[in-house]
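In: Got a sequence here, can you build the structure:
(chains A and B)
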Amino acid sequence: MHELSIAKNIIRIAREHLTPDEEPRLKKICIRIGSFSTIVPEFLQSGFEAARDGTPISEAALEITIVPLQIRCNNCGYQTEIEPVDFTCPLCSSNDVDVIAGNEMTVDNLEISEI
Amino acid sequence: MSIKTIERKVLQKNDEVAGDNRRFFKEKGILSLNLVSSPGSGKTSLLERTLEKLKGRIKTAVVIGDVQTDLDARRLESSGVPVIQLVTNGACHLEAPLVRDALADIQPDQTELLFIENVGNLVCPAGFDLGEDMKVVIASTTEGDDKPLKYPAMFRNAKVLVINKTDLVPYVNCDLNELRNNALRINPSLTIFETSCTNGDGLDQWCDWLTKQVRK
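Out: So this is what the prediction gives:
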């Protein structure tokens, strides 16, 4: 349940990139969240709404793109999406795999309406 | 509509401070372990027994995170080891800046091994780098053998697994082989120890390994 502190970080980062006159015109914050990042998108969404209200960016919505968990096999080089409990290469069955995506937590861009 | 592309990591601030902590540990030659587990797995008991055994062998210090109270720090005080209590006031995990503040209270030249006892929680602490050398996850037999599958991020991000309360295996629904296999399925490179803080089983192996890591 650390989604609220993540939401506050997102709001801080967005505001650091906006001028005071841009803040009320912020319509959307687009973020990427890895499916292996221990974040529950629904909780992040409600945490964001609670933390946003009463700030100058109260018009902003949060758009969350989920990045699936992806591995690369160090034995055969195969790259694929996997379910979080199965860190095994589906091609060669090696379990020497690296996670190459799915841990992300990134603020990508901000959409601001024109005056 | 205008679009500003920023591509910033949400936890960049935490990660920057974690980087500072990591540099501090490296410069001072301190091995730092982030102990993570569910509440009640026996983290503090394991620490009590470990500090006892390492006394005179390795200079240790402890940073303890709890949501409230300094009960754990008081338990460990009798060990004679410096103990710094962090109270998160409700937060479910430690963050790097809190640990940095605690580092001001340790004597680096009197410390070879630092235990950072995280808040008991198998979810949130997985996401926050503290700058530690490695995460040690503690799973007790009373929690059952399926914990690694239910909390894969924590077991994937850890280097070491300590299976605690092995003396209770006859009384609880936990198959040790199954627990080991589940953990290795998530993370094949885990180093695994099995301990009982009640009868002392496995503590020597764990402490010998710690000593070896410090002397490396």
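In: In this structure residue A:90 contacts residue A:80, no?
Out: Yes - with contacts counted by C-beta atoms under 8 Å, residue A:90 reaches residue A:80, the gap being 6.1 Å. From N, CA and C alone the C-beta is placed, and that goes for glycine too.
In: between these two, which one's more packed in?
Out: Remark: of residue A:90 and residue A:80, residue A:80 carries more neighbours, 15 against 12, as counted by other C-beta atoms under 10 Å in any protein chain shown.
In: What is the helix or strand hosting that one packed up against?
Out: Per DSSP states H and E, residue A:80 falls inside strand A:79-81. Contact partners of strand A:79-81 among helices and strands, from 3 or more C-beta pairs under 8 Å, 6 or more residues apart in numbering or on different chains; DSSP states H and E: strand A:70-73.
In: Would you mind putting the CA coordinates of the strand it packs on into PDB?
Out: Extracted C-alpha coordinates of strand A:70-73, given in PDB (Å, rounded to 0.1, in the frame of the first residue of the first chain):
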ATOM      1  CA  GLN A  70       9.600  -9.500 -20.100                       C
ATOM      2  CA  ILE A  71      12.600 -11.800 -19.900                       C
ATOM      3  CA  ARG A  72      15.700 -12.500 -22.000                       C
ATOM      4  CA  CYS A  73      17.200 -15.900 -21.800                       C
END
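In: now that strand: mean pLDDT?
Out: For strand A:70-73, mean pLDDT is 96.
In: List the strands paired with that strand, with their directions.
Out: Strand pairing for strand A:70-73, determined by DSSP bridges: strand A:79-81 (antiparallel), strand A:97-101 (antiparallel).
In: Which positions within the last one qualify as buried?
Out: Using 16 or more other C-beta atoms under 10 Å in any protein chain shown as the burial criterion, the residues of strand A:97-101 that qualify are A:97, A:99, A:101.
In: List the buried residues of the helix or strand hosting residue B:4.
Out: Using DSSP H and E, residue B:4 sits in strand B:2-9. Under the neighbour-count criterion of 16+ other C-beta under 10 Å, strand B:2-9 has B:6, B:8 buried.
In: Secondary structure class of the residue most central in space within chain A, three-state.
Out: With distances taken as C-alpha atoms, centre = their mean, residue A:33 lies nearest the centre of chain A, 2.4 Å away. The three-state assignment at residue A:33 reads strand, by DSSP: H, G, I helix; E, B strand; the rest coil.
In: dump the residue contacts of it.
Out: The contact partners of residue A:33, taken as C-beta atoms under 8 Å, 6 or more residues apart in numbering or on different chains, are A:39, A:41, A:44, A:64-67, A:104-105.
In: repeat for residue B:180
Out: Residues counted as contacts of residue B:180 (C-beta under 8 Å, 6+ apart) are B:163, B:192.
In: what pLDDT does it get?
Out: pLDDT at residue B:180 comes out at 97.
In: For it, give me phi and psi.
Out: phi -60, psi -50 (degrees, to the nearest 10).
In: Now for residue 54: which residues touch it?
Out: Because you didn't say which chain, this covers chain A. So residue A:54 contacts nothing (C-beta under 8 Å, 6+ apart).
In: actually chain B
Out: When contacts are counted by C-beta under 8 Å, 6+ apart, residue B:54 touches B:60, B:113, B:207, B:210-211.
In: In strands, which of those fall?
Out: B:60, B:113 (DSSP state E).
In: I'd like the contacts of residue B:54 as TSV, with pLDDT appended.
Out: Output for these, formatted as TSV (pLDDT from 0 to 100):
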residue	pLDDT
B:60	97
B:113	98
B:207	98
B:210	98
B:211	97
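In: wait, which of the contacts of residue B:54 is closest to residue A:26?
Out: residue B:113 (47.1 Å; C-beta to C-beta).
In: No further queries at this time; thank you.
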